[in-house]
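Trainee: Take this sequence and fold it.
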Amino acid sequence: LSHRVWQLVSAVMFSGVAIMALTFPDQLYDAVFEEESVSSKTPVRLYGGALLSISLIMWNALYTAEKVIIRWSLLTEACYLDATFLVTTVSLVESSRIATGAMLLLISRALFVLISIYYYYQVGRRPKKV
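Mentor: Got it, this is the predicted structure:
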């Protein structure tokens, strides 16, 4: 799996979740926290707007050859996923419930952080002299 494939997967993932959060905020919230609906759709839509912004970074980084830009996009993704991992974990602990959707989300975010960090370091490595 090359870092270019990972960038494409990330761009598609961020775009898809952003569009879902903007258009169907209740369904996205229900899928993660297994509650009927959120009291206000605004926070979920703001989340969608932030994701859409990050997805634009991912799409643009996909078409560049500059290592610095690729590394920054991977670092942006890792930081975002770390932050949302922590926020989701704190929310679950505060509500003292374990939602299956949220647990799957946490596991996938942890995996995605590891993959992004791996490629971040791989892109930054100097080529071996032959």
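Trainee: avg pLDDT for stretch 113-120?
Mentor: Mean per-residue pLDDT for stretch 113-120: 90.
Trainee: how distant is it from the center of its chain?
Mentor: 12 Å (Cα atoms, centre = their mean, to the nearest Å).
Trainee: Identify each buried residue in that stretch, please.
Mentor: By 16 or more other Cβ atoms under 10 Å, the buried positions in stretch 113-120 come out as Val113, Ile115, Ser116, Ile117, Tyr119, Tyr120. Where you see a C-beta, it was placed from the backbone N, CA and C, and this is true even at glycine.
Trainee: taking those one by one, which sit in helices?
Mentor: Taking DSSP state H, the ones among the buried residues of stretch 113-120 that sit in helices are Val113, Ile115, Ser116, Ile117, Tyr119, Tyr120.
Trainee: On the three-state scheme, the residue most central in space within the chain is what?
Mentor: By Cα atoms, centre = their mean, the mean C-alpha position of the chain lies nearest to Leu81, the distance being 4.8 Å. In three-state terms, and counting by DSSP: H, G, I helix; E, B strand; the rest coil, Leu81 is helix.
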